[in-house]
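# need a structure here:
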Amino acid sequence: MTPDEIIRTFAEHYHRLDHRDAPESSLVPPPGDPVLFTTSGMHPLTPYLLGRPHPGGRRLANELLTDGYRIPPEKLHATVFGGDDQLGPDDTARRTWTALGVPVEALGADNWWSNGPTGPCGPDSEIFVWTGDGPPTGTPSGDGRWVEVWNHVQMRYHRHPDGRLTPLPLSSIDTGMGLERLEMVLRGETSVYTGDGLRPWVGAVRDRWDLPGADLRVVADHLRCAVVVLSDGVRPGNTGRGYVLRRLLRRALTVLWRGEETRSLAELPLTAYADTQRRFRRPADPGPARELLCDEERRFRELLRRGRPLVDRVRARGPLTDRDYHWLHDTHGLPRELVDGLLADAG
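Next comes the predicted model:
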């Protein structure tokens, strides 16, 4: 199945169960939301989990695995919340999976989902698929060949600043599926980097530069992520979301320039940008996104050019102190992680 087919199968399944599509959300949360980025599909639904009526009703679509995706039932394993010092085990989820013939493992904090330090939360069931050779063995907590592809969060509680849990006025179930992980499983692959979503970036980078496997994956992943964030209106900066974007790009460039600083993002084709923007339903013209990345690349090159002699001069006096780091940052705009990178490059 392609990603488009996986998404269509998922949506059609829930439409048959009388669910409605929820509006798409930007990675940038609305004003007043304390998080930097939208961290999950349910995050924009927080007001409705707290009791406000949703205009689309109570059944929103953002056993399917065996029927829709044809995964053999014997390759499935579930984990459930096993209880803690505040709540007992999630016996409801355990009984449900056992009745379906799916083996169950009870765990602790790994099977508790939270929207953050406070807010909606609850026990979750996680569904794993066996990706190893031969019959399944072991359990998800002890064997990495079990790959999580789906979870069901029973959103029952509200966690207060003092740690107390109280029931939500409206209990709900939030389900989240990993598209690229599921694609990997259905293709019989062992890496998400062979799937349709990342393959254009992996191919574009690999065709131009000889990078070892781990470096290739970092560059491809970070550049694709940067394009999505840029398409949601975030621009590189020194604070907040802009700083996250800037660090993503600088890490990708730092890896890309190891041993060869003449490499440039301008060499990458527009097709990779366009593919990502299409998949995330963002503006169709890839030119502005590439220009923004190349502009940030030029800024980073200039910062490195100015920074190397400064760091070398300070280092000549001995190991850098906190005062040295502050001076390099406040006077010359060199953040600590960049200074550490220059020190590492210098040996």
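# I'd say Ser264 and Asp295 touch.
No. If you go by C-beta atoms under 8 Å, Ser264 and Asp295 don't touch, sitting 11.9 Å apart. C-beta here means a position set from N, CA and C on the backbone, and glycine is covered the same way.
# quick check, pLDDT for Glu148.
On the pLDDT scale, Glu148 is placed at 94.
# likewise for Leu100?
Per-residue confidence (pLDDT) for Leu100: 86.
# so how far is Pro73 from it?
Taking C-beta to C-beta, to the nearest Å as the measure, Leu100 falls 8 Å from Pro73.
# with Thr194 instead?
For Thr194, the distance to Pro73 - C-beta to C-beta - is 26 Å.
# swap in Pro30?
41 Å.
# and Leu17, how close does it get to Gly178?
21 Å.
# okay, these two: which has more neighbours?
Gly178 (15 against 10; other C-beta atoms under 10 Å).
# which residues touch the nearest residue to Glu267 once chain neighbours are set aside?
Leaving aside its chain neighbours, Glu267 sits nearest to Arg208 (5.4 Å; criterion: C-beta to C-beta, 6 or more residues apart in numbering). Arg208 sits next to Arg263, Glu267, Leu268 when contact means C-beta atoms under 8 Å, 6 or more residues apart in numbering.
# so what's the first one up against?
What it means is Arg263. By C-beta under 8 Å, 6+ apart, the contact list for Arg263 reads Arg208, Trp209, Leu256, Trp257.
# switch the cut-off to 10 Å
Val205, Arg208, Trp209, Leu211, Val219, Leu253, Leu256, Trp257, Glu297 (C-beta atoms under 10 Å, 6 or more residues apart in numbering).
# where along this protein do the helices fall?
3-16, 46-49, 64-67, 91-99, 179-187, 199-208, 213-231, 240-256, 270-279, 287-315, 322-332, 336-345 (DSSP state H).
# which strands and helices sit next to the longest one?
Contact here means 3 or more C-beta pairs under 10 Å, 6 or more residues apart in numbering; DSSP states H and E; on that basis helix 287-315 packs against helix 213-231, helix 240-256, helix 270-279, helix 322-332, helix 336-345.
# per-residue confidence at Pro55?
With respect to pLDDT, Pro55 has a value of 59.
# which residues do Leu100 and Pro73 both contact?
Contacts common to Leu100 and Pro73, judged by C-beta under 10 Å, 6+ apart, are Glu63, Thr66.
# count the neighbours of the nearest residue to Leu320 once chain neighbours are set aside for me.
Of all residues not flanking Leu320 in the chain, Val314 sits nearest, at 6.2 Å (C-beta to C-beta, 6+ apart). Using other C-beta under 10 Å, Val314 is surrounded by 18 other residues.
# OK, contacts around Val314?
Neighbours of Val314 in contact, by C-beta under 10 Å, 6+ apart: Leu320, Thr321, Asp324, Tyr325, Trp327, Leu328, Val339, Leu343.
# quick revisit: go through the contacts of Arg263 and name the one nearest Ala78.
Proximity of the contacts of Arg263 to Ala78 (C-beta to C-beta) peaks at Val219, which lies at 35.7 Å.
# OK, contacts around the residue lying closest to Glu297 once chain neighbours are set aside?
Counting by C-beta to C-beta, 6+ apart, Leu265 is the residue found nearest to Glu297 once chain neighbours are left out, at 5.3 Å. Listed by C-beta under 10 Å, 6+ apart, the contact partners of Leu265 are 205, 219, 223, 226, 249, 252-253, 256, 290, 293-298.
# one more time with 8 Å
Counting by C-beta under 8 Å, 6+ apart, Leu265 has contacts Leu223, Leu253, Arg290, Leu293, Cys294, Glu297.
# what's the most distant pair in those?
Of all pairs drawn from the contacts of Leu265, the one with the longest distance (C-beta to C-beta) is Leu253 and Arg290, at 14.2 Å.
# let's see the pLDDT reported for Met42.
62.
# got a ChimeraX select line for the buried ones in the contacts of Val314?
A single ChimeraX command selects the buried members of these (16 or more other C-beta atoms under 10 Å):
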select :320,324,325,328,339
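# farthest-separated two in the contacts of Val314?
Greatest spatial distance among the contacts of Val314 (C-beta to C-beta): Trp327 and Leu343, at 15.0 Å.
# how many other residues sit next to the residue nearest to Arg224 when sequence neighbours are not counted?
Sequence neighbours aside, Trp201 is the residue nearest to Arg224 in space, at 4.9 Å (criterion: C-beta to C-beta, 6+ apart). Using other C-beta under 10 Å, Trp201 has 25 other residues around it.
# what about the stretch 201-347 of the chain, any weak spots by pLDDT?
For the stretch 201-347 of the chain, the stretches flagged by pLDDT under 70 are 346-347.
# mind running it again at 50?
Residues of the stretch 201-347 of the chain meeting the criterion pLDDT under 50: none.
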